[in-house]
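Asker: Got a predicted structure here, sequence first:
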Amino acid sequence: MKNRSLIVCLIFFSMVILSPPVFALKIRDSVPDIFGKTLSGHLFRLQAELGRPKVLNFFSTSCTPCKRELPELAVFEKKYPHVDVIAVHASSGSRETVRRFVDDLSAAPTVVVCGSSAVKDDFGFRGFPHTILVGGDGTVLAQFVGYSPDNMKRMERLLERL
């Protein structure tokens, strides 16, 4: 029994020590850059697009709540034309897979970027969807973890004030 407890402790501590650090963004932090390609094949670099507020939505084609959230973000894109809504596929998968996923939705934001799973580490989040409201200067104004009608209402209240 004593040996078993020791083994469990060793496994736990080795997992903690070997786990990569998590650097979650905080309000007023500068957002890291994102490099990727849009579904139309254009190169995208977030830092080159600063100057206007942005909604950065990180999604995955395997994310069921993302299927509900992306069409709602497309509505925000039309309702708040002074805000850029950018959907970033932050998981593995081809651009064609992402295109089919987006095409199956009732609507999606105009700019969909195919990134990689490394974006999750750069931005410090673990699950999908994850949405960050970014000021024109590139600083984090708010974050929304997961999809919920309450999150969408909170996001819209903030968008109204921008």
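Answerer: Great, that's in hand.
Asker: hey, where'd the helices end up in the chain?
Answerer: 2-18, 64-79, 95-103, 118-123, 149-161 (DSSP state H).
Asker: out of these, which comes closest to residue 48?
Answerer: Closest to residue 48 of the helices of the chain is helix 118-123 (C-beta to C-beta; 16.3 Å). In short, each C-beta sits where N, CA and C put it, glycine included.
Asker: From the contact counts, what lies against the closest one?
Answerer: strand 54-59 (3 or more C-beta pairs under 8 Å, 6 or more residues apart in numbering; DSSP states H and E).
Asker: Paired strands for the strand it packs on, with orientation please.
Answerer: With DSSP bridges as the test, strand 54-59 is paired with strand 84-89 (parallel), strand 130-134 (antiparallel).
Asker: Quick one: closest of the ones you listed to residue 110.
Answerer: strand 84-89 (7.4 Å).
Asker: Tell me what angle that closest one forms with helix 95-103.
Answerer: 130 degrees (axes from the mean of the first three to the mean of the last three C-alpha atoms, to 10 degrees).
Asker: looking only at pLDDT, what's the mean for strand 84-89?
Answerer: For strand 84-89, mean pLDDT rounds to 96.
Asker: which residues touch it?
Answerer: 34, 36, 46, 49, 52-61, 70, 73-74, 76-77, 98, 102, 108-115, 119 (C-beta atoms under 8 Å, 6 or more residues apart in numbering).
Asker: one step back: looking at the helices of the chain, which is closest to residue 137?
Answerer: helix 149-161 (15.7 Å).
Asker: mind listing what's buried in that closest one?
Answerer: Buried residues in helix 149-161, counted by 16 or more other C-beta atoms under 10 Å: 151-152, 155, 158-159.
Asker: Let's have these in JSON lines, adding pLDDT and distance to residue 91.
Answerer: Formatted as JSON lines, the buried residues of helix 149-161 follow (pLDDT from 0 to 100; distance: C-beta to C-beta, whole Å):
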{"residue": "151", "pLDDT": "96", "distance to residue 91": "20"}
{"residue": "152", "pLDDT": "97", "distance to residue 91": "22"}
{"residue": "155", "pLDDT": "97", "distance to residue 91": "22"}
{"residue": "158", "pLDDT": "96", "distance to residue 91": "26"}
{"residue": "159", "pLDDT": "96", "distance to residue 91": "26"}
